[in-house]
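[1] Here's my sequence, what's the structure:
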Amino acid sequence: MKRLLLAALPLLLAACATQRLPATPTEVAPERWQATLPHGGDAAALADWWRRFDDPLLAELVRDAQADNPTLTQALARLAEARAGVRSSAAQRWPAVNASAQAQRGASASSNFVASTQGSAGVDALWEVDLFGATRAQIAAAQARSEQAALGWHAARVSLAADVAGVYVGYRACEALQQVFDQDAGSQTQTAELTRQKVRVGFEAPANGALADGAAADAGNRAIAQRAECDALVKSLVVLTGQAEPALRTRLQGNTAKLPQPGAFAVGTLPAQLLQQRPDIAAAERALVAAAADAGVAEAARYPRLTFSGNLGTSLLRIGGNTADGTAWGFGPSLVLPLFDGGARRAGEDAARARYDDARASLDSQLRRAVSEVEEALVRLDAATRREGQAQRAAQGFLDFFAAAEQRWRIGAGSLIDREEARRTALNAQSALINVQRERVAAWITLYRSLGGGWTASDTTPK
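    Next up, the predicted model:
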């Protein structure tokens with residue numbers, strides 16, 4: 001044993017001199033945001049933001065989705081698996097002890113076919129000394145993956161809430177457009193009928209009758225397509241919330257065609273604050289920690305392994321009325337020196353370091369993307385807020401112009417073509433206004449998601 005230890009001394013010294021990989025990102029957040037920050041709002045209101053909408057149903061749907069959703073169930077299953085991995089890795093710090101027992105009765109030529117009974121029982125143990133931190137690194141990696149899974153659950157909750165809100169806002173905007181198209185279809189049907197009557201008495205040309213019929217059919221087609229779009233959004237809400245469609249449609253009957261209006265929340269002026277309140281970034285950091293620990297495990301595999309084993313057992317033999325029994329035991333160390341493996345261990349270490357580099361680059365990329373997502377959401381929010389006022393004035397102006405053109409046509413002072421042109425312009429302006437209003441609320445939802453949904457490091461994880 002002394003000779004083995006002396007032979008392994010250079011390897012021991014080399015192992016002690018190894019360095020662990022840093023588990024920190026290299027990307028640095030910019031000093032300030034380049035986009036315009038929203039005015040007003042409470043910085044602490046983000047976690048409970050859904051209740052600040054003027055539509056209570058939105059908060060209820062978010063709660064329903066987070067209570068029963070396959071995505072969150074999968075995240076919980078991954079968390080349970082990761083926690084089991086921590087316990088499995090921690091168990092390697094202790095000796096493995098196994099008990100065995102066996103009994104047999106029979107006859108053979110060696111005993112002149114005299115029946116014999118044999119039995120034995122014993123206990124054996126095996127313990128590997130964690131000389132170079134392989135077990136500690138395995139535990140650290142498992143713990144980091146457990147924390148990563150818990151953070152993944154938080155990130156899934158934030159993403160799910162934003163998805164539900166986005167679909168719900170889209171549904172209310174769809175209803176608003178459907179009302180506009182239904183009203184237009186009804187108006188066009190009446191116009192087509194009135195035009196046909198004028199054509200019959202010679203007050204309108206047949207071409208104008210064809211134009212009115214075509215416009216009515218086009219308006220009806222647009223209304224049908226819009227209704228189908230709204231039905232598809234209801235199906236999406238059913239999938240996200242797990243609610244039965246008939247019950248969900250009943251709950252959606254209130255606030256028809258009314259877009260929910262969010263309460264404002266403040267955005268921190270320092271982008272570095274963002275890096276501390278996004279669970280997906282925190283999860284990526286834990287993935288980097290796990291990768292660094294895995295590299296330590298692969299490195300430790302290149303060095304000697306020292307194990308201690310022992311056994312204690314008793315046996316019994318009964319044959320021809322005679323009995324023999326006894327106790328056996330043994331204990332001792334075992335040292336394994338890796339001498340030549342064709343480069344397998346070195347390749348394993350290189351692969352682990354490559355996975356570490358990949359995790360580090362992934363985290364850096366995610367940091368960049370997080371800042372970009374906030375900047376983009378801020379730009380869209382600012383633009384939609386400023387556009388809404390312009391869109392309202394445009395919609396009202398074109399609507400007034402259409403009313404005047406229709407009045408002129410009804411008294412015979414204007415042409416049907418001019419009336420149709422004014423109608424299409426007013427319809428497009430109304431649609432644009434509804435879409436801008438939807439974009440403004442959607443920008444708030446995107447900003448909520450990109451800021452981490454109010455998550456903090458002190459948030460509890462599921463048990």
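[2] Can you give me the neighbour number for residue 385?
    If you count neighbours by other CB atoms under 10 Å, residue 385 ends up with 17. Every residue, glycine included, has its C-beta placed from N, CA and C.
[3] before we move on, what about the one 4 residues further on?
    Using other CB under 10 Å, the number of residues around residue 389 comes to 10.
[4] in a strand, that's where it is, yeah?
    No. Looking at residue 389 with DSSP: H, G, I helix; E, B strand; the rest coil, it is helix, so not inside a strand.
[5] After the strand or helix carrying residue 210, which helix or strand is next?
    For residue 210, the host element (DSSP states H and E) is helix 206-241. For helix 206-241, the succeeding helix or strand toward the C-terminus, using DSSP H and E, is helix 245-251.
[6] The next helix or strand after that next one packs against which elements?
    Next helix or strand after helix 245-251 toward the C-terminus (DSSP H and E): helix 271-274. Applying 3 or more CB pairs under 8 Å, 6 or more residues apart in numbering; DSSP states H and E, we find helix 271-274 packed against helix 344-410.
[7] quick one: average pLDDT of the helix it packs on?
    Taken as a whole, helix 344-410 carries a mean pLDDT of 90.
[8] Counting by contacts, list what that helix packs against.
    helix 271-274, helix 279-300, helix 416-450.
[9] mean pLDDT lowest for which of these?
    Of all the helices and strands packed on helix 344-410, helix 271-274 has the smallest average pLDDT, which comes to a mean of 77.
[10] buried ones in it?
    271, 274 (16 or more other CB atoms under 10 Å).
[11] Check stretch 185-199 too.
    Buried positions in stretch 185-199, judged by neighbour count with 16+ other CB under 10 Å: 185, 188-189, 191-192, 195, 198-199.
[12] which helices and strands does the helix holding residue 210 pack with?
    Helix 206-241 sits against helix 56-67, helix 134-201, helix 245-251, helix 416-450, with contacts defined as 3+ CB pairs under 8 Å, 6+ apart.
[13] Could you point out which of these sits nearest residue 314?
    Proximity to residue 314 (CB to CB) singles out helix 134-201 among the helices and strands packed on helix 206-241, at 32.5 Å.
[14] what about the closest one, average pLDDT?
    On average, helix 134-201 scores 89.
[15] now the helices and strands packed on helix 344-410 in JSON lines, with distance to residue 172?
    JSON lines is the format used below for the helices and strands packed on helix 344-410 (distance: least, CB to CB, whole Å):
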{"stretch": "helix 271-274", "distance to residue 172": "29"}
{"stretch": "helix 279-300", "distance to residue 172": "28"}
{"stretch": "helix 416-450", "distance to residue 172": "8"}
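[16] Nearest approach to residue 222 belongs to which of those helices?
    Closest to residue 222 of those is helix 416-450 (CB to CB; 8.7 Å).
[17] That closest one to helix 279-300, inter-axis angle?
    50 degrees (axes from the mean of the first three to the mean of the last three CA atoms, to 10 degrees).
[18] Need phi/psi at residue 69.
    phi -150, psi 130 (degrees, to the nearest 10).
[19] what about residue 310, neighbour count?
    Neighbours of residue 310 using other CB under 10 Å come to 15.
[20] State the distance from residue 195 to residue 423.
    13 Å (CB to CB, to the nearest Å).
[21] Hmm, I typed the wrong one, I wanted residue 321.
    115 Å.
[22] repeat for residue 46
    Residue 46 sits 43 Å away from residue 423, going by CB to CB.
[23] repeat for residue 363
    55 Å.
[24] any idea how this protein splits into domains?
    21-93+133-172+248-302+359-450, 94-129+304-337 (automatic domain parsing).
[25] so which of those domains is the most packed in?
    Burial of the domains of the chain is given as mean neighbour count (mean count of other CB atoms under 10 Å); domain 21-93+133-172+248-302+359-450 ranks first at a mean of 18.
[26] Could you pull up the residues touching residue 323?
    316-317 (CB atoms under 8 Å, 6 or more residues apart in numbering).
[27] which residues does it bridge with?
    Beta-bridge partners for residue 323, by DSSP bridges, are residue 318.
[28] Tell me how far it lies from residue 119.
    11 Å.
[29] Pull the number of nearby residues for the nearest residue to residue 191 once chain neighbours are set aside.
    Using CB to CB, 6 or more residues apart in numbering and skipping the chain neighbours, the partner closest in space to residue 191 is residue 212 (5.5 Å). Other residues lying near residue 212 total 25 when counted by other CB under 10 Å.
[30] surely residue 212 meets residue 190?
    No. Residue 212 lies out of contact with residue 190 (CB atoms under 8 Å); the separation is 9.9 Å.
[31] between the buried residues of stretch 185-199, which is nearest residue 338?
    If you rank the buried residues of stretch 185-199 by distance to residue 338 using CB to CB, residue 185 comes first, at 80.2 Å.
[32] residues touching that closest one, list them.
    Residue 185 touches 216, 219-220, 222-223, counting by CB under 8 Å, 6+ apart.
[33] same thing with residue 257?
    Residue 257 touches 172, 175-176, 178-179, counting by CB under 8 Å, 6+ apart.
[34] Residue 435 now?
    Listed by CB under 8 Å, 6+ apart, the contact set of residue 435 reads residue 173.
[35] middle-most residue in the protein, spatially?
    residue 156 (3.7 Å; CA atoms, centre = their mean).
[36] I figured that residue hits residue 76, correct?
    No. The criterion here is CB under 8 Å, and residue 156 misses it with residue 76 at 9.3 Å.
[37] of the contacts of residue 185, closest to residue 378?
    Scanning the contacts of residue 185 for proximity to residue 378, where the rule is CB to CB, the winner is residue 222, at 34.1 Å.
[38] To what extent is that closest one buried, counted in neighbours?
    Neighbours around residue 222, by other CB under 10 Å: 20.
[39] From what I see, it and residue 182 are in contact.
    No. Using CB under 8 Å as the test, residue 222 is too far from residue 182 to be in contact (9.6 Å).
[40] wait, isn't residue 280 in contact with residue 156?
    No. If you go by CB under 8 Å, residue 280 and residue 156 don't touch, sitting 9.3 Å apart.
[41] any shared contact partners between residue 323 and residue 119?
    Listed as contacting both residue 323 and residue 119 by CB under 8 Å, 6+ apart are residue 316.
[42] And the residue nearest to residue 191, how far from residue 60?
    Taking CB to CB, one finds residue 212 at 45 Å from residue 60.
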